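S.K.: fold the following.
(one chain, ligands or ions: 1)
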Amino acid sequence: MDIQAFFKVTYGLYLISSMDGESYNGHISNTVFQVSAKPARFAIASHKDNLTTEYIRKSKVFSISVLQEDIDMDFIGPWGFQSGKDIDKFLAVNFKRGKSGVPIVLDKSIAWFECELLEETDTGSHIIFIGKVLDAQLLDDKKLPLTYTYYRDVIKGRSPENAPTYIEREKPGETGLSADTGNGESKKGTPGPAKYKCTVCGYVYDPAQGDPPAGIPPGTPFEEIPGNWTCPVCGVQKIDFKALREN
Ligand code: FE
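M.R.: Below is the predicted model of the structure:
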């Protein structure tokens, strides 16, 4: 199977939000599409492990914010690569509550839809939720919607592990995709180059492993990685990494 074929499918990028009582959560999804106009219905796909999935099942409502093309990884990071189990993503964002009470993110969004859950389908790793549109609003008619192609090619973003489009790196031991896999400590008495952690997605750069798919051989200290290298998980630059310990 040629995995390059998968990159020829086009998508947009959206922010899906839901709630559990007064707790809000949301995540970025590329799998959002209108399935009918009369009545207006949308389908979305959400990973079973996502907190938002749990909230949608409980509250039976969700919102879709259409992200704008003019966006950066600092905004995308928490929504795409961090879990609502660890942080409150709504603390630093402008949002409103819809007719159903569901939170609707307004920042970096050009339109939104509020949906009531009608049914769900289990696809294995993900749940497809189908929702009836309760309300909708155009926020900005001038800005372009963010596409997955623009996100990958221009913003240099990547897919998080729970995205339907995520394709695991093929070489064993080089996935680098499990956040917090290292604590930065070397074996006692054998201090080596420091590990560095991405502050956006949690990816840990381990000098012992390097980043061979990006041309960084094992044994390369973080400081010696070329300046144009980016996080292999979320795509941010070196400046967004922090050392896990001092040498
Ligand atoms: Fe990252």
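S.K.: what is the helix or strand where Thr121 lies packed up against?
M.R.: Using DSSP states H and E, Thr121 falls within strand 109-122. Counting contacts by 3 or more CB pairs under 8 Å, 6 or more residues apart in numbering; DSSP states H and E, strand 109-122 packs against strand 40-47, helix 51-59, strand 61-67, strand 103-105, strand 126-138. All C-beta atoms are positioned from the backbone trio N, CA, C, and that covers glycine.
S.K.: count of residues packed around the residue nearest to Phe75 when sequence neighbours are not counted?
M.R.: Closest residue to Phe75 apart from its sequence neighbours, by CB to CB, 6 or more residues apart in numbering: Lys108 at 5.4 Å. For Lys108, the neighbour count with other CB atoms under 10 Å is 23.
S.K.: with Gln82 instead?
M.R.: Neighbourhood size, Gln82 [other CB under 10 Å]: 18.
S.K.: now swap in Val233 and tell me
M.R.: Neighbour tally, Val233, other CB under 10 Å: 26.
S.K.: if I look at it, how far off is the ion?
M.R.: Noted for Val233: a distance of 5 Å to the ion, by CB to the ion, to the nearest Å.
S.K.: re earlier: out of the helices and strands packed on strand 109-122, nearest to Cys234?
M.R.: Closest approach to Cys234 among the helices and strands packed on strand 109-122 is made by strand 61-67 (15.3 Å; CB to CB).
S.K.: can you map out the strands along the chain?
M.R.: Secondary structure of the chain by DSSP state E: the strands cover 14-20, 23-29, 32-37, 40-47, 61-67, 95-97, 103-105, 109-122, 126-138, 196-198, 204-205, 241-243.
S.K.: between the fifth one and strand 40-47, how big is the angle?
M.R.: Spelled out, that is strand 61-67. Strand 61-67 and strand 40-47 meet at an angle of 90 degrees, taking axes from the mean of the first three to the mean of the last three CA atoms, to 10 degrees as the criterion.
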